[in-house]
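Asks: here are the coordinates; sequence isn't available:
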């Protein structure tokens, strides 16, 4: 996890909205036919529906968040689900607190 990658990921309003939405997925995303919000995460198609952007754009945003270590992905059949990586988010906050 690189600090610059984290700042880059958080510098986009939509990526920040997605990350914040994943904190309480049942309130921020439409219901899913498959997968549990808390165990599996939120399906890309549900995230896409919530933010109103193309699947490719949303997938790119999620890849940026994942590279920064802020989310984790899980494949289930043909679908990919994302959820927050709370452990890394705590590390980022601690590092910022210590370094700034």
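Replies: Perfect, thanks for sending it. Bear in mind that the values here come from a model prediction, so they are computed numbers and not experimental data.
Asks: which stretches of this structure have low pLDDT?
Replies: Along the chain, segments meeting pLDDT under 70 span 1.
Asks: the helices in it, which residues?
Replies: 3-10, 13-21, 25-28, 44-51, 55-67, 86-99 (DSSP state H).
Asks: can you tell me which of the ones you listed is most buried?
Replies: Here the criterion is mean neighbour count by mean count of other C-beta atoms under 10 Å, and of the helices of the chain the winner is helix 44-51, at a mean of 19. To be clear about C-beta, it is placed using only N, CA and C from the backbone, and glycine gets the same treatment.
Asks: quick check: angle from it to helix 55-67?
Replies: With axes from the mean of the first three to the mean of the last three C-alpha atoms, to 10 degrees defining the directions, helix 44-51 sits at 100 degrees from helix 55-67.
Asks: helices and strands around helix 44-51, which ones?
Replies: helix 13-21, helix 55-67, strand 79-84 (3 or more C-beta pairs under 8 Å, 6 or more residues apart in numbering; DSSP states H and E).
Asks: let's see it at 10 Å
Replies: Here helix 44-51 is seen to pack against helix 13-21, helix 25-28, helix 55-67, strand 79-84 when contacts are counted using 3 or more C-beta pairs under 10 Å, 6 or more residues apart in numbering; DSSP states H and E.
Asks: the second one: how far from the chain's middle?
Replies: I take that to be helix 25-28. In terms of C-alpha atoms, centre = their mean, to the nearest Å, the gap separating the centre of helix 25-28 from the centre of its chain is 13 Å.
Asks: which elements pack onto it?
Replies: Counting by 3+ C-beta pairs under 10 Å, 6+ apart, helix 25-28 packs on helix 13-21, strand 42-43, helix 44-51, strand 79-84.
Asks: distance to residue 60 for the ones you listed - can I get that in CSV?
Replies: Converted to CSV, the helices and strands packed on helix 25-28 look like this (distance: least, C-beta to C-beta, whole Å):
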stretch, distance to residue 60
helix 13-21, 10
strand 42-43, 16
helix 44-51, 11
strand 79-84, 13
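Asks: out of those, flag the one nearest residue 96.
Replies: Nearest to residue 96 among the helices and strands packed on helix 25-28 is helix 13-21; the distance by C-beta to C-beta comes to 15.3 Å.
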